[in-house]
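Student: Sequence and predicted structure are below.
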Amino acid sequence: MLRTHTCGELNPKNIGEKVTLCGWMQKSRDLGGMTFIDLRDRYGITQLVFNMQTNAGLCEKARKLGREFVISVKGTVEERSNKNLKMPTGEIEIIVDKFDVLNRSKLPPFTIEDNTDGGEELRMKYRYLDLRRNPLRKNMELRHKMTSETRNYLDLQNFIEIETPYLIKSTPEGARDFVVPSRMNQGEFYALPQSPQTFKQLLMIAGYDRYYQLVKCFRDEDLRADRQPEFTQIDCEMSFVTQDDILNTFEGLIKHLFEKVKNINVEDFPIISYDEAMKYYGTDKPDIRFEMKFVELNNLAKGSGFKVFDDAELIVGICAEACGNYSRKQLDKLTDFVRKPQIGAKGLVYVKYNEDGSLKSSVDKFFDQKALKTWAEAFNANPGDLLLILSGETGHIRKALCELRLEMGNRLELRDKNKFRPLWVVDFPLLEWDEENSRFHAMHHPFTSPKAEDIQLLNSEPGKVRANAYDLVINGVEIGGGSIRIFNKELQKKMFKALGFSEEQAQEQFGFLMNAFEYGAPPHGGIALGFDRLVALFGGSDSIRDFIAFPKNNSGRDVMIDSPSTISKEQLDELKLRIVKE
Ligand code: ASP
């Protein structure tokens, strides 16, 4: 090895030892007779000392080192007079006898320190320099720790990791495929997998009853802050299991990760149905770090001549504890918030439950004290609380109130980043009506099994059929989802029919799976967890990009390698492809 130690490990026990370190020159300070250099590697920073009086030549040479030069240093570990107890190596320094420049560096385009002066695009272009900074290094280490703990846990549970191909044909996961032209099969294309869904099911038919894979998936979707065109999943499948077995196994994985990586014991995960989630939180991914559940007021608030309520399909509200003293201005701000086009409510009705027990509302003209009291009781409100009520079309208004609930959660500081409240949402609808194309879509994917008791509704009322599908949600973020699968050809055919496939289309696209069902397919089910999101959540951040070594930017570009890019005429010719300019 070119070094005896790393830059993060020397301490007072090493005093007097001769050592060799290698690293990058982070910073240098000239203090008259002395020069101090911070030498950095992946493990930390060690202070180097050069003394003008004892070795002027070496000191002069050290003063010429530029930022990010790579050097190798020989010297003796000494106790520091000016200790920095915040750093693991802060009690020692190296009196340098000799050093070599292993490589020079151009002046980096931004400072490589915890707080850098580099803008986002610049740091993306020089990602390898950004990755030298502590915050990103810590994120990569967190990711690695989570990868290895995931493997440890699943390994102990008898899962085996099996790789599935990346050049496949479309899997209908609901997004657009990335396609790859085939040179050897002119005019034909592979698709990159949106998930290994069909392969993991085939592995179950092959008898590998506990499969997992930390796998890249590709989806050509419009990008949002927390989306990347390629991302990683912890993908799993199990045979001979019930839904509960799967929930227990993966609740175990998440608890294991919290314990090993963050030293946190999380509580057992509550299980709530999709219908309950929508009714009480207005979303299928509720943030249950705080209560503030929805209360519906249709029975209490209709029929008093207030047209807005009388005409509404749903009247629903939340109780913000101890906000009864909100000023006019604060209430106006909340009204503006719900009226924003992204939220889209027409207005906000409030009821202040005063400390003296009286109630003051924005609809006093229509509702007397007695009526308002019944509302307060429905909310279990106490004097000092504030009721915030919206009304309108059910789906729309639940969504709006969900946003208002999260906003109040933020204002009241109830969404603590260091608190983790995972839960399972179960019993999702099997199908979802697609207005645009006037047809049903699979809410999860077409291989999800309907609940046995709902199968008879598949022809008559497909929208009412519930699925054996579940999502894992943590702090309002959907971390993963899965389902118990169909494993019978006839039912799978019925499902494709409900999704508007002709028999030929179904056979053409998924014949391989349906045929395989005829050779002894075991009952099976599985789940996939979004690994990038899970790591970001553990790292206390909303941005998955900071937890991916080489991510793409908002327009799906890798600005470091400049991709996507055009290809040469020769490559196009070989593939028999022609670019048609619009
Ligand atoms: N393949 C599904 C997904 O990627 C997960 C699953 O059903 O296991 O969302």
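Tutor: Yes, it's here.
Student: For the stretch 1-150 of the chain, which segments count as helices?
Tutor: Shown for the stretch 1-150 of the chain, the helices assigned by DSSP state H, counting those that start in this stretch span residues 56-63, 120-125, 127-130, 134-156.
Student: The ones you listed: which one's closest to the ligand?
Tutor: Smallest distance to the ligand across the helices of the stretch 1-150 of the chain (Cβ to the nearest ligand atom): 14.4 Å, for helix 134-156. (C-beta placed from N, C-alpha, C; glycine too.)
Student: Can you name every helix or strand that the closest one contacts?
Tutor: The contact analysis (3 or more Cβ pairs under 8 Å, 6 or more residues apart in numbering; DSSP states H and E) places helix 134-156 against strand 210-218, helix 243-262, helix 531-538.
Student: ok, back up a step: now render the helices of the stretch 1-150 of the chain as JSON lines, adding mean pLDDT.
Tutor: Below are the helices of the stretch 1-150 of the chain laid out as JSON lines (pLDDT from 0 to 100):
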{"stretch": "helix 56-63", "mean pLDDT": "95"}
{"stretch": "helix 120-125", "mean pLDDT": "94"}
{"stretch": "helix 127-130", "mean pLDDT": "98"}
{"stretch": "helix 134-156", "mean pLDDT": "98"}
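Student: could the ones you listed go into JSON lines alongside mean neighbour count and distance to the ligand?
Tutor: Converted to JSON lines, these look like this (neighbours: other Cβ atoms under 10 Å; distance: least, Cβ to the nearest ligand atom, whole Å):
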{"stretch": "helix 56-63", "mean neighbour count": "15", "distance to the ligand": "54"}
{"stretch": "helix 120-125", "mean neighbour count": "16", "distance to the ligand": "27"}
{"stretch": "helix 127-130", "mean neighbour count": "18", "distance to the ligand": "27"}
{"stretch": "helix 134-156", "mean neighbour count": "16", "distance to the ligand": "14"}
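Student: possible to save these as JSON lines with distance to V101?
Tutor: Below are those laid out as JSON lines (distance: least, Cβ to Cβ, whole Å):
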{"stretch": "helix 56-63", "distance to V101": "9"}
{"stretch": "helix 120-125", "distance to V101": "26"}
{"stretch": "helix 127-130", "distance to V101": "19"}
{"stretch": "helix 134-156", "distance to V101": "24"}
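Student: Among these, which comes closest to V535?
Tutor: Each of the helices of the stretch 1-150 of the chain has some distance to V535 by Cβ to Cβ; the shortest is helix 134-156, at 4.9 Å.
Student: Highest mean neighbour count out of the helices and strands packed on helix 134-156?
Tutor: Stretch with highest mean neighbour count among the helices and strands packed on helix 134-156: helix 531-538 (a mean of 23; mean count of other Cβ atoms under 10 Å).
Student: surely V559 meets L122?
Tutor: No - V559 lies out of contact with L122 (Cβ atoms under 8 Å); the separation is 9.3 Å.
Student: In the stretch 351-500 of the chain, what residue lies closest to the ligand?
Tutor: Per Cβ to the nearest ligand atom, G482 is where the stretch 351-500 of the chain lies closest to the ligand, at 3.9 Å.
Student: Contact residues of the stretch 451-582 of the chain facing the ligand?
Tutor: For the stretch 451-582 of the chain, the residues found near the ligand under the criterion Cβ under 6 Å from any ligand atom are G481, G482, S483, G526, I527, A528.
Student: I'd like to check the angle between whichever strand or helix holds the last one and strand 210-218, please.
Tutor: Spelled out, that is A528. Secondary structure assignment for A528, by DSSP states H and E: strand 524-530. Strand 524-530 and strand 210-218 are oriented at 40 degrees to each other (axes from the mean of the first three to the mean of the last three Cα atoms, to 10 degrees).
Student: let's have the chain start at 532 instead
Tutor: New numbering, starting at 532: the last item is strand 1055-1061.
Student: Could you export strand 1055-1061 as PDB, CA atoms only?
Tutor: C-alpha atoms of strand 1055-1061 as PDB (Å, rounded to 0.1, in the frame of the first residue of the first chain):
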ATOM      1  CA  HIS A1055     -47.400 -16.100  -4.900                       C
ATOM      2  CA  GLY A1056     -47.100 -12.500  -4.200                       C
ATOM      3  CA  GLY A1057     -44.500  -9.800  -3.700                       C
ATOM      4  CA  ILE A1058     -43.500  -6.200  -3.200                       C
ATOM      5  CA  ALA A1059     -41.000  -3.700  -4.500                       C
ATOM      6  CA  LEU A1060     -39.600  -0.900  -2.400                       C
ATOM      7  CA  GLY A1061     -38.200   2.300  -3.900                       C
END
